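Enquirer: Build me a model:
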Amino acid sequence: MVIQTLARKAAKVAFFLALMLVVARTLGPPELWFNEQLALKIGQMIYGNEEIGADRFYDIYFYMSVCTVIPITVVIYILTMKLIKKIRSK
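Expert: Numbering: from 1, shown residues only. Below you'll find the model as predicted:
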């Protein structure tokens, strides 16, 4: 019984990671869908008014990508799990 529970939890984690990979690949690179001016404003908030180099821009793009992908993935995951429960209960 313990092995089944562990296997189900591992499968859910694997499903979440796979779903996150699909969402991230679907969104594409953040340079295409994230505004450069907004990245500059966020960079100035984080790093101050000094000049922000290219490496910091890539850091900001990465952080914004992660902060966007995780909530989208969580919503899709919750909806999928509710749908699976509803289908299994019938």
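Enquirer: any idea how far the helix or strand that residue 88 is a member of is from the chain center?
Expert: In this assignment (DSSP states H and E), residue 88 forms part of helix 54-89. In this view, helix 54-89 has its centroid 4 Å away from the chain centroid, taken as Cα atoms, centre = their mean, to the nearest Å.
Enquirer: Can you give me the buried ones in it?
Expert: Judged by neighbour count (16 or more other Cβ atoms under 10 Å), helix 54-89 contains these buried residues: 57, 59-61, 64-65, 68-69, 73, 77. C-beta: built from backbone N, CA, C; applies to glycine.
Enquirer: what's it packed up against?
Expert: Contacts defined by 3 or more Cβ pairs under 8 Å, 6 or more residues apart in numbering; DSSP states H and E place helix 54-89 against helix 2-27, helix 30-33, helix 36-47.
Enquirer: quick one on the thing from earlier: let's have the buried residues of helix 54-89 in CSV, adding pLDDT and distance to residue 25.
Expert: Converted to CSV, these look like this (pLDDT from 0 to 100; distance: Cβ to Cβ, whole Å):
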residue, pLDDT, distance to residue 25
57, 85, 22
59, 88, 21
60, 90, 20
61, 91, 16
64, 91, 16
65, 93, 11
68, 94, 13
69, 96, 10
73, 97, 12
77, 97, 16
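Enquirer: Cheers, nothing more for now.
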